[in-house]
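all I have is the shape, not the residue letters:
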């Protein structure tokens, strides 16, 4: 007998049924006993719920389906406070589950909404978000969420009440309703700020006191068909690292094939290349961006460095919003400066007092500050052989090193000239859960290259420095 059968026989003997008694069993008793034994074995071998927590440095991306639940300081994670987070995997939690997560600006998983902002010391200087899983809720289900929540497709707003858990002031909450797959002819009164789902149409407008009370604040909508309504064509940077274009049937019609690569952003670059990047290293203090505009900096050479590129004394890269700059002071200190609050937020150790030093993003992926003679490194990011090719000054106050995981292979050399940006411009790219709609485009910082999502679902990369614009790549 093999090991499993041997163990089964031991259980039978232990129950008081030796070989002399087996013949006395009825088929029903034997069947029932075997079923109970199999259920017991299955229960013992069944894996535990995949929900789990783990600690990691904040320089590491939060995996898809997980959220931050606390912050702490860990000297092994680098300089600054709150540089280590504890994350929780909530991907296995069922519909209707609630969790608490730190309000740290990181995207929450799709299908979850915010229901409150309680205080929590474990989140450091950040408050806490109370999250609720509405993914999979049945048609007609309604719930209350905070105004900051991003609503999934086919959820509409029926009311904008004040909810104390969502902060102070009127209209801090939303009552939302799932209208997916409701029967043909169903009518609902919703707030005018709702996006009318595909397959529904507006049949009347009017004042709705629960939506603010002003004229035209409410609309009545009706479901026109009983077939799955068409989905809007869109492209999205998913939390699994894949950049995907979805067609009107809801099926993927193009992807970069980068799921599982830790891809976090897509960018259209000044060299004409369209790239998916993963994060390698970061420095600085994360902060919610301030409201601009900000004083332009004469030291600015770009918003990023690409390998191999130097930055000398008196030069800087500035965040796209203009609030932060990564600056090489001629006196020697290399640091991040918050222009809005007139304060330095991070500096490269060992660079103070070394007049004439300079920064180099090397082709081996290492970011290095060299002395004026170029004979010794004063500081480096310790990222040699990481594949990093891009250093970006982010709007949130951090400098981040990125390595490519996919590109369109359309590089035409870096262009330092500036061009008029098209009206469809949605920025140079996006991070996790960022969406590009039909008629919208990502545009390189210099304005020369445009990645447009057409109404047929095709992505097209144009070089706008010539007339008519030249097509460099299409999906």
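Looks like it arrived, so ask away. Keep in mind the model is a prediction, meaning the values are calculated, not measured.

what's the burial count for the residue lying closest to residue 274 once chain neighbours are set aside?
Of all residues not flanking residue 274 in the chain, residue 408 sits nearest, at 4.1 Å (CB to CB, 6 or more residues apart in numbering). Bear in mind the C-beta positions are built from the backbone N, C-alpha and C, glycine included. By other CB atoms under 10 Å, 19 other residues sit near residue 408.

residue 144 and residue 163 touch, don't they?
Yes. Here residue 144 reaches residue 163: they are 6.2 Å apart, a contact under CB atoms under 8 Å.

what is in contact with those two at once?
residue 173 (CB atoms under 8 Å, 6 or more residues apart in numbering).

please determine how far residue 474 is located from residue 455.
For residue 474, the distance to residue 455 equals 14 Å [CB to CB, to the nearest Å].

higher neighbour count, those two?
Comparing residue 474 with residue 455 by neighbour count (other CB under 10 Å), the higher total belongs to residue 474, at 13 against 9.

these two touch, right, that one and residue 462?
No. Between residue 474 and residue 462 there is no contact under CB under 8 Å: 9.8 Å.

dump the residue contacts of residue 334.
Residues near residue 334 by CB under 8 Å, 6+ apart: 326, 327, 328, 347, 348, 351, 357, 359, 369, 379.

recalculate using a threshold of 10 Å.
311, 313, 316, 326-328, 346-352, 354, 357-359, 369, 378-379 (CB atoms under 10 Å, 6 or more residues apart in numbering).

for stretch 412-429, buried residues please.
Under the neighbour-count criterion of 16 or more other CB atoms under 10 Å, stretch 412-429 has 415, 419, 421, 424, 426, 427, 428, 429 buried.

now these in JSON lines, with secondary structure?
Output for the buried residues of stretch 412-429, formatted as JSON lines (DSSP: H, G, I helix; E, B strand; the rest coil):
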{"residue": "415", "secondary structure": "coil"}
{"residue": "419", "secondary structure": "coil"}
{"residue": "421", "secondary structure": "coil"}
{"residue": "424", "secondary structure": "coil"}
{"residue": "426", "secondary structure": "coil"}
{"residue": "427", "secondary structure": "coil"}
{"residue": "428", "secondary structure": "coil"}
{"residue": "429", "secondary structure": "strand"}
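
looking at those, which one is closest to residue 139?
Set against residue 139, the nearest of those by CB to CB is residue 426 (32.1 Å).

tell me how far the closest one lies from residue 319.
Residue 426 is 17 Å from residue 319, by CB to CB.

okay, now the unreliable bits of this protein?
Within the chain, the segments meeting pLDDT under 70 span 1-51, 126, 213-216, 226-229.

related to what we said a few turns ago, so what sits against both of residue 474 and residue 462?
In contact with both residue 474 and residue 462: residue 452, using CB under 10 Å, 6+ apart.

quick one, what contacts residue 188?
By CB under 10 Å, 6+ apart, residue 188 lies in contact with 140, 156, 158, 177, 179, 182, 194, 200, 219-223.

need the buried ones from those selected in ChimeraX.
Command for ChimeraX that selects the buried part of the contacts of residue 188, burial taken from 16+ other CB under 10 Å:
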select :156,158,177,179,182,194,200,219,221,223
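
filter the contacts of residue 188 down to the ones in strands?
Here DSSP state E is the test, and the contacts of residue 188 give 156, 158, 177, 200, 219, 220, 221, 222, 223 as lying in strands.

closest to residue 90 out of these?
residue 177 (23.8 Å).

quick one: that closest one from residue 197, how far?
Applying CB to CB, the value for residue 177 to residue 197 is 11 Å.

according to the record, where do the domains of this structure fall?
3-45, 53-229, 230-273+408-475, 278-400 (automatic domain parsing).

circling back: who touches both of residue 177 and residue 197?
What both residue 177 and residue 197 touch, as defined by CB under 10 Å, 6+ apart, is the set 154, 155, 156, 190.

between the residues you listed, which is nearest residue 103?
residue 155 (21.4 Å).

what sits closest to residue 159 if chain neighbours are left out?
For residue 159, the spatially nearest residue (CB to CB, 6+ apart) is residue 175, at 3.8 Å.

now that neighbour: which helix or strand?
Using DSSP states H and E, residue 175 maps to strand 173-178.

and that strand, what does it pack onto?
Contact here means 3 or more CB pairs under 10 Å, 6 or more residues apart in numbering; DSSP states H and E; on that basis strand 173-178 packs against strand 112-116, strand 142-146, strand 155-159, strand 187-191.

minimum distance to residue 124: which of the ones you listed has it?
In terms of CB to CB, the element of those nearest to residue 124 is strand 112-116, at 18.4 Å.

the closest one pairs with which strands, and in what direction?
strand 128-133 (antiparallel) (DSSP bridges).

what's the angle from the strand it pairs with to strand 142-146?
Taking axes from the mean of the first three to the mean of the last three CA atoms, to 10 degrees, strand 128-133 and strand 142-146 form an angle of 160 degrees between their directions.

list of residues touching strand 128-133?
Applying CB under 10 Å, 6+ apart, the contact partners of strand 128-133 are 67-70, 90, 93-104, 108-109, 111-123, 143-146, 148-149, 165-166.

among these, which ones are in strands?
Going by DSSP E, the strands hold 67-70, 98-102, 112-116, 143-146 from the contacts of strand 128-133.

what's the ChimeraX line that selects buried ones from these?
Applying 16+ other CB under 10 Å to the ones in strands among the contacts of strand 128-133, the buried members can be selected in ChimeraX as follows:
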select :67,68,69,70,99,100,101,102,112,113,114,115,116,143,144,145,146
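
what's the burial count for residue 75?
A total of 8 residues lie near residue 75 under the criterion other CB under 10 Å.

and if you look at residue 355?
Neighbours of residue 355 using other CB under 10 Å come to 12.

please apply the same query to residue 202.
By other CB under 10 Å, 12 other residues sit near residue 202.
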